[in-house]
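A.B. asks: Take this sequence and fold it.
(one chain, ligands or ions: 1)
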Amino acid sequence: MTNQETFIRELPQDAELALSTEDLRVFYGTKEAVHGVSLPFERYKITALIGPSGSGKSTFLRSLNRMNDTVDGSRVTGKIMYRDLDINAKGIDVYEMRKHIGMVFQRPNPFAKSIYDNITFALKRFGEKDKQVLDEAVETSLKQAALWDEVKDKLHQSAQALSGGQQQRLCIARAIAMQPDVLLMDEPASALDPISTAAVEDTMMQLRDKYTIIIVTHNMQQAARISDYTAFFYNGDCVEYDETRRIFTRPKIQATDDYVAGHFG
Ligand SMILES: Nc1ncnc2c1ncn2[C@@H]1O[C@H](COP(=O)(O)OP(=O)(O)OP(=O)(O)O)[C@@H](O)[C@H]1O
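C.D. replies: Predicted coordinates for the structure are as follows:
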């Protein structure tokens with residue numbers, strides 16, 4: 001889409017950013033799937049990425065911690081700035097970077113291990129051996145993910161015996177055990193029933209105090225309920241970015257209005 005009318009809200013000068021993109025383009029082979037998107041992500045806020053299927057939301061999200069590196073023929077231009085570092089710059093240790101910018105996927109994907117081992121797996125891989133530190137990380141992250149009370153008496157049982165909603169909160173706990181600054185979530189509740197969805201949404205609201213969350217969702221009520229900012233993607237562009245309440249009550253762009261009103265997508 002070219003010459004599309006767009007509206008991108010500028011954040012106040014003093015807003016602290018956890019992450020930002022500048023003219024980010026993502027290609028699959030010769031096809032450009034994301035067309036030069038520049039967005040700020042304010043620290044300790046939830047930003048929802050919405051838009052019709054194929055509009056580039058997941059591609060954009062996945063590029064924010066270089067998950068697209070593993071896709072053959074995928075290429076990124078522009079900048080993704082995290083603490084004055086361009087995460088695509090030469091010399092960036094991708095695994096180290098992902099400790100700061102973690103990800104939760106659409107389908108709960110716990111390892112075939114105990115609840116305890118799921119959470120401590122990455123910590124141990126990064127060299128943590130102290131049992132007290134590991135125990136504390138398990139308790140803290142399960143509490144933050146609002147799962148502790150449900151699993152505290154069965155930490156050494158298989159994670160795969162948990163319900164789908166519990167598994168997804170475990171995956172959130174696993175991600176936050178690394179104490180990331182930014183949590184990327186790709187439709188984290190879309191595979192869940194309404195009760196589990198509500199539990200995962202509650203968890204996200206509680207995490208807002210400590211983490212910056214960027215979430216792709218098809219669920220407009222969810223975006224309206226949980227997010228502070230919303231970016232509307234359309235045909236590979238971010239056409240409108242604003243405070244969520246404005247996007248859902250007085251969007252500036254007609255396509256946004258039509259989409260949030262359910263007229264297409
Ligand atoms: N691995 C890939 N290889 C080639 N093209 C891809 C790949 N992944 C996505 N695309 C294309 O990039 C474009 C954007 O897709 P993307 O999945 O990012 O959109 P989306 O808005 O997240 O869609 P959905 O809501 O359906 O998940 C689409 O045209 C899609 O076909």
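
A.B. asks: show me where the stretch 151-265 of the chain has strands.
C.D. replies: Using DSSP state E, counting those that start in this stretch, the strands of the stretch 151-265 of the chain run over 182-186, 212-216, 229-234, 237-243.

A.B. asks: Could you dump those strands into TSV and include mean neighbour count and mean pLDDT?
C.D. replies: Where C-beta positions appear, they are placed from N, C-alpha and C, glycine not excepted. TSV is the format used below for the strands of the stretch 151-265 of the chain (neighbours: other C-beta atoms under 10 Å; pLDDT from 0 to 100):
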stretch	mean neighbour count	mean pLDDT
strand 182-186	23	97
strand 212-216	25	98
strand 229-234	26	98
strand 237-243	23	98
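
A.B. asks: The nearest residue to Y116 once chain neighbours are set aside and the ligand, how far apart?
C.D. replies: Nearest residue to Y116, sequence neighbours excluded (C-beta to C-beta, 6 or more residues apart in numbering): L155, at 4.3 Å. Distance of L155 to the ligand, computed by C-beta to the nearest ligand atom, to the nearest Å: 34 Å.

A.B. asks: so L155 touches K113, yeah?
C.D. replies: No - no contact is recorded between L155 and K113 when judged using C-beta atoms under 8 Å, the distance being 11.3 Å.

A.B. asks: which one of these two has more residues nearby?
C.D. replies: L155 (18 against 15; other C-beta atoms under 10 Å).

A.B. asks: residues contacting the more buried one?
C.D. replies: When contacts are counted by C-beta atoms under 8 Å, 6 or more residues apart in numbering, L155 touches S114, I115, Y116, V138.

A.B. asks: which pair in these spans the largest distance?
C.D. replies: Based on C-beta to C-beta, the longest span within the contacts of L155 runs between S114 and V138 and measures 10.2 Å.

A.B. asks: With neighbour numbers in mind, choose between these two.
C.D. replies: A direct count of neighbours by other C-beta under 10 Å for S114 and V138 places V138 higher, at 23 against 18.

A.B. asks: Go ahead and confirm the more buried one touches A177.
C.D. replies: Yes - applying C-beta under 8 Å as the test, V138 and A177 come out as touching, 7.4 Å apart.

A.B. asks: Mind listing the shared neighbours of those two?
C.D. replies: In the contact map built from C-beta under 8 Å, 6+ apart, the residues linked to both V138 and A177 are I119, T120.

A.B. asks: got the residues of the stretch 151-265 of the chain near the ligand?
C.D. replies: Taking C-beta under 6 Å from any ligand atom as the criterion, the neighbours of the ligand within the stretch 151-265 of the chain are F233.

A.B. asks: Much appreciated, bye for now.
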